[in-house]
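1. next comes the sequence, and after it the predicted model I'd like to discuss.
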Amino acid sequence: SAPIYDAVYAARGKSYPAEAAKLRAIIGENGIPYGSTLLDVACGTGEHLRFLDPFYKVAGLDASEAMLRVARQKLPRVTFHQQNMSCFSLGSSFDVVCCLFSAIGYLPDEDAVAAAIGQMANHVRPGGLLLIEPALDPDRVAAPKNSTMSVDMVVDGCPGSVTRITSAVRESSLLRIRFDYEVRLGEGTGETIRFVEYHPMLLVSGSVYTRAFQRAGLRAEYREPGISGIGLYLASKVGTTSLRTPTQHNPMQ
């Protein structure tokens, strides 16, 4: 779904410009000026970076080559790395490292979440900032509900439409989400493409983040609603503090 990903979430009301503006405000409140370096971990199609690039020296990292292909088309002068967030190594540090849109929930288990936070911390310079939008909490996740959305959009340069049916099943600490896509191409082609994506999302309690931040030597705090209603962890390499329990979101909404 990489070529239609941005249009689908725009149709669902996600505003990348507004989220990027809120992120910039938080970064500035923490004393990090425009022109600083910023790494977006699990950057996807680079849509957040598109609105951060005018203000920072940005880079992106993602495990999906298909997503990075879209990101590189948008931002050809930006460096993108194809690596896994739980074991990446870039040999450099950044003023800001962020991991947004609950992307950390795509990791397979709590050990991988802790490893990812440790790796992100390793890439934050002293005095820098780590920002993470958390995954769902297993004690606060809403009951899965099926939903259907349809949106008109340009597909491969032609007017068309996309329908996505979302269904999910919870299995202990995992939410197994299924997206059934139907892409209709216009302009006389009459072609319809159908495909299915499976998104297993790990459910992560606040205590997992607390332990991971402490092991990484980070001082952290939790803010809600954050930049998109998910909540936001802010962590730096100075001192320690306790974390508050997050208010969670439902990715199926």
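-> That came in fine, so what should we check first?
2. what lines up beside the helix or strand of the chain with the lowest mean pLDDT in the sheet?
-> Across the helices and strands of the chain, mean pLDDT, DSSP states H and E gives its lowest value to strand 147-155, namely a mean of 85. According to DSSP bridges, strand 147-155 forms sheet pairs with strand 158-171 (antiparallel).
3. the next helix-or-strand element following the partner strand to strand 147-155, inter-axis angle?
-> Sequence order places strand 174-185 as the next helix or strand after strand 158-171, per DSSP states H and E. With axes from the mean of the first three to the mean of the last three Cα atoms, to 10 degrees defining the directions, strand 174-185 sits at 40 degrees from strand 147-155.
4. restricting to C-alpha, output the least confident helix or strand of the chain in PDB.
-> Output of strand 147-155 as PDB, limited to C-alpha atoms (Å, rounded to 0.1, in the frame of the first residue of the first chain):
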ATOM      1  CA  SER A 147     -14.600  -0.700   9.600                       C
ATOM      2  CA  THR A 148     -14.700   0.300   5.900                       C
ATOM      3  CA  MET A 149     -13.400   3.400   4.200                       C
ATOM      4  CA  SER A 150     -13.500   4.600   0.600                       C
ATOM      5  CA  VAL A 151     -11.700   7.600  -0.900                       C
ATOM      6  CA  ASP A 152     -11.300   9.000  -4.400                       C
ATOM      7  CA  MET A 153      -7.700   9.600  -5.400                       C
ATOM      8  CA  VAL A 154      -5.200   9.700  -8.200                       C
ATOM      9  CA  VAL A 155      -3.600   6.200  -8.600                       C
END
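5. and Arg69, what element?
-> For Arg69, the host element (DSSP H and E) is helix 65-74.
6. can you list the buried residues in that helix?
-> Met67, Leu68, Val70, Ala71, Arg72 (16 or more other Cβ atoms under 10 Å). In this view, the C-beta of every residue, glycine as well, is placed from N, C-alpha and C.
7. contacting residues around it?
-> By Cβ atoms under 8 Å, 6 or more residues apart in numbering, the residues outside helix 65-74 that reach it are 2-3, 5-6, 43-47, 49-50, 60, 62, 78, 80, 82.
8. the same query, at a cut-off of 7 Å, please.
-> Ala2, Pro3, Cys43, Gly44, Thr45, Gly46, Arg50, Gly60, Asp62, Phe80, Gln82 (Cβ atoms under 7 Å, 6 or more residues apart in numbering).
9. what of stretch 8-26?
-> Ser1, Glu47, His48, Phe51, Leu52, Phe55, Met149, Val151, Val162, Arg164, Ile227, Ser228.
10. do stretch 39-51 as well
-> Residues contacting stretch 39-51 (Cβ under 7 Å, 6+ apart): 2, 5-6, 16-17, 19-20, 58-62, 67, 70-71, 74-75, 78, 85, 94, 97-100, 103, 120, 123.
11. so how far is that stretch off the chain centroid?
-> 8 Å (Cα atoms, centre = their mean, to the nearest Å).
12. can you say which helix or strand has His81 in it?
-> Assigned by DSSP H and E, His81 belongs to strand 79-82.
13. could you pull out the strands in the stretch 1-150 of the chain for me?
-> 37-41, 57-62, 79-82, 94-99, 124-132, 147-155 (DSSP state E, counting those that start in this stretch).
14. with mean neighbour count and distance to Ala25 added, can I get those strands in JSON lines?
-> Shown next, in JSON lines, are the strands of the stretch 1-150 of the chain (neighbours: other Cβ atoms under 10 Å; distance: least, Cβ to Cβ, whole Å):
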{"stretch": "strand 37-41", "mean neighbour count": "25", "distance to Ala25": "14"}
{"stretch": "strand 57-62", "mean neighbour count": "23", "distance to Ala25": "17"}
{"stretch": "strand 79-82", "mean neighbour count": "16", "distance to Ala25": "25"}
{"stretch": "strand 94-99", "mean neighbour count": "24", "distance to Ala25": "13"}
{"stretch": "strand 124-132", "mean neighbour count": "20", "distance to Ala25": "12"}
{"stretch": "strand 147-155", "mean neighbour count": "14", "distance to Ala25": "30"}
